[in-house]
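J.: sequence unknown, structure follows:
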Ligand code: 2AM
């Protein structure tokens, strides 16, 4: 019997995704460049609906036509290598589905290149980590609509099942990988916001790990309910090997990153959008690597920690909760604004309500807020800031966000993602900005002209000739 689908790349995500298909009774063939890995995998999981192959030709021959082949290899040149090896073995209308974190412009180019060879190409974002790949990830496929639609019944069986199967057609031209990139950008901001709340809790409000764990558990009962908050509560109460010590306190404060967050920021700059909470999360990870420099400069600069009036202990929890809710809404709004702009610029024709629904289960940023976001985009195409529901929440919580940022600054705690959220909010919701002065400066030194508030047209003023040297 031929397999319904094939999978190339048996690192941990690939292995788990293959098992997910097999668990759903979908016969699958697998292949890996290093054949020992295929052998070990098949030895460990001996099942009639899971077949391993040492030769790529045999792997391809084992698949039902038209063939469907998932690639879960390292993003970058490895994807092109595998595509080159596959081309002579495939027939017209076979489909390659790249499930890695590929750059969306690479996906666009690969799709175009393969179209000329009559091979279909889908770029599909997958989120959910190892556990999601096995039990149900969130899937973001993009490419030719008819090709993706034919695949959907199969993908729905392996996607996260609830609240509804977390898979939908994203759009053409690399839209699947674009949406995944933005998902990861939002994930960076979400993680950094939680880390900033933790930092403030520990350093300023002197909360211990268990108290903070309880605080995050409390958050789980509110609109902040999310996978990242859930794991944070668990992490904070995880003990280390010696009594009364916690693993989190033993972990070196140097964070790593893989690059999709950076692309999100580059895209925001490219498309004249702003994602300051995501940008701050990237910067925080990059600067964390310079541990020595940070240590040296902390010693050099005496901290002027003036005695500050802190909120009373029963006010602190609500302050942290409201500030985090406001910042979370605002960082999702940043990522979604960028998606909306990209949809216009690249003609992705994104459906934001569907995207929010695909993100509700399986993926790392799954959270109850996404239900409300999906509801908003069902009725409206305007930015999240125009949602009456979020307007009410922000009205209620912005005071706490401002107050918490003030406390952080007074206590020398860097809170870039919280502050970025406030910057985004204030910049977007302020009528009169000081850009009149910027335009005057540009006209002064570069004769760039300016528009006036009282009459139409473009104007230049001879600033220096009028006694202003
Ligand atoms: P490997 O086990 O042979 O290294 C993650 O690195 C996955 O991508 C692994 O399955 C790895 O296969 C695969 N991979 C990395 N580079 C590759 C390449 N150039 N060609 C094929 N597969 C590759």
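T.: Sure, I can see it. Just so you know, these numbers come straight off a predicted model, no measurement behind them. Numbers count the residues shown, from 1 in each chain.
J.: Now name the helix or strand holding the residue nearest the centre of the chain.
T.: A centroid search over the chain (CA atoms, centre = their mean) returns residue 184, at 1.7 Å, as the residue closest to the centre. Secondary structure from DSSP states H and E places residue 184 in helix 175-203.
J.: after that helix, next one along is what?
T.: helix 209-220.
J.: Can you check the pLDDT for residue 258?
T.: For residue 258, the model assigns a pLDDT of 87.
J.: residue contacts, it?
T.: By CB atoms under 8 Å, 6 or more residues apart in numbering, the residues touching residue 258 are residue 101. Backbone N, C-alpha and C define where each C-beta goes, glycine included.
J.: burial of the residue of the stretch 101-250 of the chain found nearest the ligand, as a residue count?
T.: Evaluated by CB to the nearest ligand atom, the stretch 101-250 of the chain has residue 101 as its residue closest to the ligand, separated by 11.5 Å. Residues near residue 101, counting by other CB atoms under 10 Å, number 19.
J.: name the element it belongs to?
T.: Per DSSP H and E, there is no helix or strand for residue 101.
J.: What sits closest to it if chain neighbours are left out?
T.: Nearest residue to residue 101, sequence neighbours excluded (CB to CB, 6 or more residues apart in numbering): residue 75, at 4.9 Å.
J.: State the distance from the one you found to the ligand.
T.: Residue 75 sits 9 Å away from the ligand, taking CB to the nearest ligand atom, to the nearest Å as the criterion.
J.: Just give me the neighbour total for that residue.
T.: Counted with other CB under 10 Å, residue 75 comes out at 19.
J.: and it, helix, strand or coil?
T.: The assignment at residue 75 comes out as coil when based on DSSP: H, G, I helix; E, B strand; the rest coil.
J.: Thought residue 104 was touching it, still the case?
T.: No. With contacts counted by CB atoms under 8 Å, residue 75 stays clear of residue 104, the gap being 11.1 Å.
J.: gap between the two ends of stretch 455-466?
T.: One end of stretch 455-466 to the other measures 22 Å (CA to CA, to the nearest Å).
J.: Relative to the whole chain's centre, how far out is it?
T.: 46 Å (CA atoms, centre = their mean, to the nearest Å).
J.: can you give me the helices for the stretch 301-450 of the chain?
T.: Per DSSP state H, counting those that start in this stretch, the stretch 301-450 of the chain carries helices over the ranges 313-345, 352-358, 369-379, 388-410, 416-428, 435-446.
J.: Residue 197 contacts residue 320, doesn't it?
T.: Yes. If you go by CB under 8 Å, residue 197 and residue 320 touch, sitting 5.5 Å apart.
J.: what sits against the nearest residue to residue 203 once chain neighbours are set aside?
T.: Spatially, and ignoring its direct neighbours in sequence, residue 203 is nearest to residue 413 (6.0 Å; CB to CB, 6+ apart). By CB under 8 Å, 6+ apart, the contact set of residue 413 is 196, 199, 200, 203, 204.
J.: Apart from its neighbours in sequence, what residue is nearest the second one?
T.: Same thing as residue 199. residue 413 (5.6 Å).
J.: follow-up on the earlier one: touching both of residue 197 and residue 320, which residues are there?
T.: In contact with both residue 197 and residue 320: no residue, using CB under 8 Å, 6+ apart.
J.: quick check: domain ranges of the protein?
T.: 5-173, 180-428, 435-466 (automatic domain parsing).
J.: May I ask you to name the longest strand in the chain?
T.: The longest strand of the chain (DSSP state E) is strand 120-127.
J.: Mind checking the pLDDT average for the helix or strand that comes right after that one?
T.: Next in sequence after strand 120-127, counting helices and strands by DSSP H and E, comes helix 129-135. In this model, helix 129-135 has a mean pLDDT of 95.
J.: With stretch 45-61 instead?
T.: On average, stretch 45-61 scores 96.
J.: So which bits of it are buried?
T.: 49, 50, 51, 52, 53, 56, 59, 60 (16 or more other CB atoms under 10 Å).
J.: Dump those into CSV; add distance to the ligand as well.
T.: Conversion of the buried residues of stretch 45-61 to CSV gives the following (distance: CB to the nearest ligand atom, whole Å):
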residue, distance to the ligand
49, 21
50, 16
51, 17
52, 13
53, 14
56, 10
59, 12
60, 15
